[in-house]
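**Student:** sequence and predicted structure are below.
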Amino acid sequence: MPQHHPNTPVCRDCDGFATATVTTGGRNRDGSRTTLRITCQACHGTGHALPRPALLVPAGR
């Protein structure tokens, strides 16, 4: 029997690639490169969009 998985929408800002590693150009003492780990600020590194609350629009008089 097939398993159902909830369809979680992908983050619009990072397109699902929530974490990137950027090199600073320097090297550590052991010879490895110095890197920074950057996470998406919109989804907080999950890669999935959180459901947005409905906006209240004033209507009528």
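**Tutor:** Alright, I've got the coordinates.
**Student:** tell me, how many residues neighbour C11?
**Tutor:** Counted with other CB atoms under 10 Å, the neighbours of C11 add up to 20. The C-beta positions use only the backbone N, C-alpha and C, and glycine is treated the same way.
**Student:** skipping adjacent residues, who's closest to it in space?
**Tutor:** C43 (4.0 Å; CB to CB, 6 or more residues apart in numbering).
**Student:** that neighbour and P58: what is the separation?
**Tutor:** Distance of C43 to P58, computed by CB to CB, to the nearest Å: 30 Å.
**Student:** then T8?
**Tutor:** Between T8 and P58 the computed distance is 32 Å (CB to CB).
**Student:** between the two, which one's more packed in?
**Tutor:** Remark: of T8 and P58, T8 carries more neighbours, 12 against 5, as counted by other CB under 10 Å.
**Student:** surely T19 meets I38?
**Tutor:** Yes: between T19 and I38 a contact is recorded at 7.0 Å, counting by CB atoms under 8 Å.
**Student:** give me the mean pLDDT for the longest strand anywhere in the chain.
**Tutor:** Using DSSP state E, we find that the single longest strand of the chain is strand 19-27. Mean pLDDT, strand 19-27: 92.
**Student:** check which helices and strands it sits against.
**Tutor:** If contacts are counted by 3 or more CB pairs under 8 Å, 6 or more residues apart in numbering; DSSP states H and E, strand 19-27 sits against strand 33-39.
**Student:** buried residues, stretch 34-43. List them.
**Tutor:** C40, C43 (16 or more other CB atoms under 10 Å).
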